[in-house]
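Asks: sequence unknown, structure follows:
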Ligand SMILES: [Zn+2]
């Protein structure tokens, strides 16, 4: 029989509950508390801010938290994302190597609202 289990978040050390309902969906307990899961990017993805995007050239740059800047092309936008992207918008993306260095791909906006997703 499943019962509530408690774990400590790998990021902020807060104790969090792993409910029987969640245990049914996942075989492994999550490493992070619900707040950190909401705030941290998904596995293999990173977050950054749009430095600029040129509608005319159809490319732009994303500034990473460490200050590095990643190129992205219009074709790297996730399905459903609309142009233009604006300076300062928070985005999440994967990183893919290219002959000219790493690029941001599968790029999607993060909406900072409480609306259900
Ligand atoms: Zn946490």
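Replies: Yep, it's here. All of these numbers come straight from a predicted model, not from anything done at the bench.
Asks: now do the SS call for the spatially most central residue of the chain.
Replies: Note on the chain: the residue nearest the mean C-alpha position is residue 41, at 3.4 Å, using Cα atoms, centre = their mean. Here residue 41 is recorded as coil under DSSP: H, G, I helix; E, B strand; the rest coil.
Asks: cool, residue 79 as well?
Replies: Relying on three-state DSSP, one would call residue 79 coil.
Asks: what does the one 4 residues further on give?
Replies: For residue 83, the assignment made with three-state DSSP gives coil.
Asks: likewise for residue 38?
Replies: Following three-state DSSP, residue 38 is assigned to helix.
Asks: repeat for the one 10 residues further on
Replies: Three-state call for residue 48 (three-state DSSP): strand.
Asks: distance of the closest residue to residue 37 other than its chain neighbours from the ion?
Replies: Nearest-residue entry for residue 37: residue 30, 6.2 Å, with adjacent residues in sequence omitted and distances by Cβ to Cβ, 6 or more residues apart in numbering. Every residue, glycine included, has its C-beta placed from N, CA and C. Separation of residue 30 from the ion (Cβ to the ion, to the nearest Å) stands at 10 Å.
Asks: what sits against residue 30?
Replies: Contact criterion Cβ atoms under 8 Å, 6 or more residues apart in numbering gives 7, 18, 22, 37 as the residues in contact with residue 30.
Asks: any idea which helix or strand carries it?
Replies: Assigned by DSSP states H and E, residue 30 falls within no helix or strand.
Asks: quick check: phi and psi at it.
Replies: The phi and psi values for residue 30, taken as degrees, to the nearest 10, are phi -70, psi 150.
Asks: lowest confidence element among the helices and strands of this protein?
Replies: Considering only helices and strands, the least confidently modelled element of the chain by mean pLDDT, DSSP states H and E is helix 34-39, at a mean of 86.
Asks: ok now that helix, how far from the chain's centre?
Replies: Between the mean C-alpha point of helix 34-39 and the mean C-alpha point of its chain there is a distance of 11 Å (Cα atoms, centre = their mean, to the nearest Å).
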